[in-house]
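# what's the 3D shape of this:
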Amino acid sequence: MWAAPVYGGRIPAAAKERFLQLKGTQTPAVLLAVFGNRDYDDALLEMCDLALAGGLVPAACAAPVAEHSIMHSVAAGRPDAADREKLAAFAQDVWRKLENEADISSLSLPSVKGRRPYMAYPNIPFKPAASAACIQCGKCARECPVNAIPEDAPEQTDKTRCISCMRCISVCPAGARGLNKIALALAEKVFAFKHGARKEPEFFI
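Modelled structure (predicted):
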């Protein structure tokens, strides 16, 4: 199983680079593109293409919903009990599909939405910054998936590298990393108006 977050309708370039290292020989794979209640656009199609290029066979795909990583009021508390129940049923369906198929090469590929060429990577304007509360522990630098924070200067952020995943905010023990609260509040209000209505996870087998 391979899961990746969705950012602006694509999987992050860093996730793509890691996935390109996986190779298989007609190896079945289950692909999950986790999105924050807006849309997953081309993400699952991109994952399927990468899987096939690496010798993997997409046996099933899913687009689960999770709380938005920036606009936390959107899909707050997701995945919830209803989501987990659907994911459990999906897992059983995948198991049955693989159990009943003796020849992996003849597996029917799931039909997912998306377009080629994929949409361009968006420019997400929200880049976390450190406040004076930074204790220079370096945990944010060590856990940043794209090395956007120098370990010898963890109060800084390389905005050209940052993918706005908000990992540094969630792991900071001092609560020193964050976003501009005024800009975030205004953007979240608009975003929630457009994308606040509950969306359900989608499954493809």
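# right, and Q26 touches A59 too?
No - using Cβ atoms under 8 Å, Q26 is not in contact with A59, being 10.9 Å away. Backbone N, C-alpha and C define where each C-beta goes, glycine included.
# where does K86 land on pLDDT?
pLDDT for K86: 98.
# what number of residues lie near it?
Using other Cβ atoms under 10 Å, the number of residues around K86 comes to 18.
# re earlier: out of Q26 and A59, which sits in the more crowded spot?
More crowded of Q26 and A59, by other Cβ under 10 Å: A59, with 22 against 12.
# which one's the longest helix in this structure?
The residue-count maximum for a helix in the chain (DSSP state H) belongs to helix 81-99.
# Check which helices and strands the helix or strand just after that helix sits against.
Using DSSP states H and E, the next helix or strand after helix 81-99 towards the C-terminus is strand 129-130. On a contact count with 3 or more Cβ pairs under 8 Å, 6 or more residues apart in numbering; DSSP states H and E, strand 129-130 meets strand 177-178.
# Could you rerun that using 10 Å?
The elements that strand 129-130 packs onto, with contact taken as 3 or more Cβ pairs under 10 Å, 6 or more residues apart in numbering; DSSP states H and E, are helix 167-171, strand 177-178.
# Tell me the buried residues in the lowest-mean-pLDDT helix or strand in the chain?
Here the helix or strand of the chain ranked lowest by mean pLDDT, DSSP states H and E is helix 13-19, holding a mean of 92. For helix 13-19, the neighbour count (16 or more other Cβ atoms under 10 Å) marks 14-15, 19 as buried.
# Going by distance to I149, which of those wins?
The nearest member of the buried residues of helix 13-19 to I149, counting by Cβ to Cβ, is A14 at 13.9 Å.
# Who are the contact partners of the closest one?
Going by Cβ atoms under 10 Å, 6 or more residues apart in numbering, A14 touches 4, 144-147, 161, 163, 165.
# Same question for D83.
Per Cβ under 10 Å, 6+ apart, neighbours of D83: 64-66, 75, 77, 200-201.
# now A76
A76 sits in contact with 37, 67-68, 196, where contact means Cβ under 10 Å, 6+ apart.
# any idea which residue sits dead centre in the protein?
Among the residues of the chain, the one closest to the centroid is P5, at 0.3 Å (Cα atoms, centre = their mean).
# For that one, which non-adjacent residue is spatially closest?
V34 (5.3 Å; Cβ to Cβ, 6 or more residues apart in numbering).
# Many thanks, have a good one.
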